[in-house]
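> Let me see the structure of the following:
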Amino acid sequence: MSELYDIFRRHPRISTDTRRIEPGSVFFALHGATFDGNRFAADALSKGAAYAVVDDPAAVSGDRTVLVGDTLEALQELAREYRRELAIPILAISGSNGKTTTKELVSRVLAERFEVYATHGNLNNHIGVPLTLLAMDRSVEIGVVEMGASHPGEIALLCSIARPDYGLITNIGKAHLEGFGGIEGVMRGKGELLDFMVASGGTAFWLNDSDCLKTMVESRPGLRAISYSAPEAIGTEPFVEARWDGLSVRTRLVGDYNRSNIAAAIAVGLYFGIGRAEIVSAIESYDPDNNRSQKRQTAFNTLISDCYNANPSSMQAALENFAATVSAQPKAVILGDMGELGEYAAAEHARMIELMHRLQISEAYLVGDRFALAGANTPGFLPFADTEALCTFLTGHPLHGRVI
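Numbers count the residues shown, from 1 in each chain. Next comes the predicted model:
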């Protein structure tokens, strides 16, 4: 590891995809069930990588190839070593829903006073977290690291790499039920972040409107915890407006469920000494461009884009908010199957169909086998095998004048 760390200090950029090689970077030949980066090590070097890290002896092609036992473990260990040297405060954000939006809001609030580096996109897993840490340069004063998980033990692993000083769990919902085995498993899995805070003496931020989070915090004696509440909702749809401590916050976010994400950013900002006016300005200036709680107008329709690996909790919140939105235009929804639900899949997809009936949503385009089965024979609900089939249909039957 000392040799690899010396190489990284001379070439502090990491690449894992030969289609996007950064000149002078260190290429890690990661591999999985359907790909093997070792096969592309020579290509990475020819495209400008300074070194290639491989774990297949057959991929060694010269002194710019570093052979390790396992490239993923080497990447994670390199990130651990670099994190120790960084010696900056790191805030880890996890939860069933709202992680990415909360990360964006928190990082913008903190950037009012500090040099901040936050997770790009959704690089929040066992590969993404090491890449996030290794992308932080010496100018960074605070790191904001998103942590996702679909199985027990994943958050604990990510904490062992990032060693966060602060932890924030947005909420607990019906996410990754197949891997966690139910809501209690989700609580235990996400609770690994709180366990790390207890063991390391760190500080946790938590939403005290959540009974699940209250139970998790109270069951960990000695946890240093700061609670916050969602601000009062004011104003009109579609954008979220809230009143906080006498001040109005007017956002560019769609969805009342974002009030708790706003509250998290306020709580973190106050803790780190950001002024009230600066906090409000940072939140109000955030204009989502990542298809999360994003409203945009096309030539024919109004789109509310909330696109990610959805789960029953997030989809229910999105549908309820959409149904409550005041609009003179007809409404339609496009929904994709919810993954990683295991034995709960059929019941949860059927529950979404029932929810739409109850909310009087009468036009729906359902993509995937689970929704196709649950919504079969429902007037106004059209099933499609995949997105390609839906796109073909919409090309021939374009939607006009709707809120979608």
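> For Val129, the count of nearby residues, please.
By other Cβ atoms under 10 Å, 26 other residues sit near Val129. For glycine as for every other residue, the C-beta is placed from the backbone atoms N, C-alpha and C.
> how about the nearest residue to it, chain neighbours excluded?
Leu158 (4.9 Å; Cβ to Cβ, 6 or more residues apart in numbering).
> for the protein, what's the longest helix?
When the chain is parsed with DSSP state H, its longest helix is helix 183-200.
> End to end on stretch 12-20, go ahead and measure it.
16 Å (Cα to Cα, to the nearest Å).
> circling back: now name the helix or strand holding the residue nearest to Val129.
helix 154-162 (DSSP states H and E).
> Against Ser327, how distant is Ala58?
Remark: distance between Ala58 and Ser327 (Cβ to Cβ, to the nearest Å) = 60 Å.
> These two: who's more crowded?
Neighbour count, other Cβ under 10 Å: between Ala58 and Ser327, Ser327 has more, with 12 against 9.
> Quick one: classify the more buried one as helix, strand or coil.
What DSSP: H, G, I helix; E, B strand; the rest coil gives for Ser327 is coil.
> Give me the nearest residue to it, chain neighbours excluded.
In space, Ser327 is closest to Val403, 4.8 Å off (Cβ to Cβ, 6+ apart).
> roughly how far apart are the one you found and Ile334?
For Val403, the distance to Ile334 - Cβ to Cβ - is 12 Å.
> what does Cys307 give?
Taken as Cβ to Cβ, the span from Cys307 to Ile334 is 10 Å.
> Give me the more crowded residue out of those two.
Ile334 (18 against 11).
> ok, the more buried one - contacts?
Ala364, Tyr365, Val367, Leu390, Ile404 (Cβ atoms under 8 Å, 6 or more residues apart in numbering).
> Equivalent analysis for Ser94, please.
Contacts here follow Cβ under 8 Å, 6+ apart; on that basis Ser94 touches Glu146, Met147, Gly148, Ala149, Ile155, Gly167, Leu168, Ile169, Thr170, Lys190, Leu193.
> Arg224: which of those is nearest?
Within those, the smallest distance to Arg224 is 10.1 Å, found for Gly167 (Cβ to Cβ).
> Where does the closest one sit: helix, strand or coil?
Per three-state DSSP, Gly167 ends up strand.
> Which helix or which strand is home to the residue nearest the centre of the chain?
Among the residues of the chain, Thr100 comes closest to the average C-alpha position under Cα atoms, centre = their mean, at 4.0 Å. Element membership of Thr100, judged by DSSP H and E, is helix 99-110.
> who does the helix or strand just after that helix pair up with?
Beyond helix 99-110 on the C-terminal side, the first helix or strand identified by DSSP H and E is strand 116-118. Applying DSSP bridges, strand 116-118 is found paired with strand 142-146 (parallel).
> Other residues contacting the partner strand?
Against strand 142-146 from outside (Cβ under 8 Å, 6+ apart): 86, 88-94, 99-100, 103, 106-107, 110, 114-119, 122-124, 129, 132-133, 136, 158, 162, 164, 272.
> Which positions in stretch 23-36 come out as buried?
Ser25, Val26, Phe27, Phe28, Ala29, Leu30, His31, Asp36 (16 or more other Cβ atoms under 10 Å).
> Any quick ChimeraX command for the buried ones out of the contacts of strand 142-146?
In ChimeraX, the members of the contacts of strand 142-146 classed as buried (16+ other Cβ under 10 Å) are selected with the following command:
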select :86,88,89,90,91,92,93,94,99,100,103,106,107,110,114,116,117,118,119,122,123,124,129,132,133,136,158,162,164,272
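> What distance do you get for the nearest residue to His120 once chain neighbours are set aside to Asn122?
Residue nearest to His120 in three dimensions, not counting chain neighbours: Thr132, with 7.2 Å by Cβ to Cβ, 6+ apart. Thr132 is 11 Å from Asn122, where distance means Cβ to Cβ.
> For the residue nearest to Ser327, give me its contacts.
Asn301, Thr302, Ile304, Thr325, Ser327, Gln329, Pro330, Lys331, Ala332.
> Same check on Phe27?
14-16, 18, 21, 37, 41, 44-45, 49, 51-53.
> Now name the helix or strand holding it.
Using DSSP H and E, Phe27 sits within strand 26-28.
> State the next helix or strand along the chain beyond that strand.
Next along from strand 26-28, by DSSP H and E: helix 41-46.
> which strands and helices sit next to the helix or strand following that following helix?
Next helix or strand after helix 41-46 toward the C-terminus (DSSP H and E): strand 51-54. For strand 51-54, the helices and strands in contact under the criterion 3 or more Cβ pairs under 8 Å, 6 or more residues apart in numbering; DSSP states H and E are strand 26-28, helix 41-46, strand 65-67, helix 71-86.
> who does the first one pair up with?
Sheet pairing for strand 26-28, assigned by DSSP bridges, gives strand 14-15 (parallel), strand 51-54 (parallel).
> can you check the third one too?
Sheet pairing for strand 65-67, assigned by DSSP bridges, gives strand 51-54 (parallel).
> can you map out the helices along the stretch 201-350 of the chain?
Along the stretch 201-350 of the chain, counting by DSSP state H, counting those that start in this stretch, helices occupy 211-218, 258-271, 276-285, 312-324, 345-358.
> Buried deepest among those, which one?
Highest mean neighbour count among the helices of the stretch 201-350 of the chain (mean count of other Cβ atoms under 10 Å): helix 258-271, with a mean of 24.
> pLDDT below threshold where in the stretch 101-250 of the chain?
174-181, 235-238 (pLDDT under 70).
> rerun that using 50 as the cut-off
Counting by pLDDT under 50, the stretch 101-250 of the chain contains no low-confidence segment.
> thinking again about what came up before, most tightly packed of the strands paired with strand 26-28?
Of those, strand 51-54 is the most buried (mean count of other Cβ under 10 Å), at a mean of 27.
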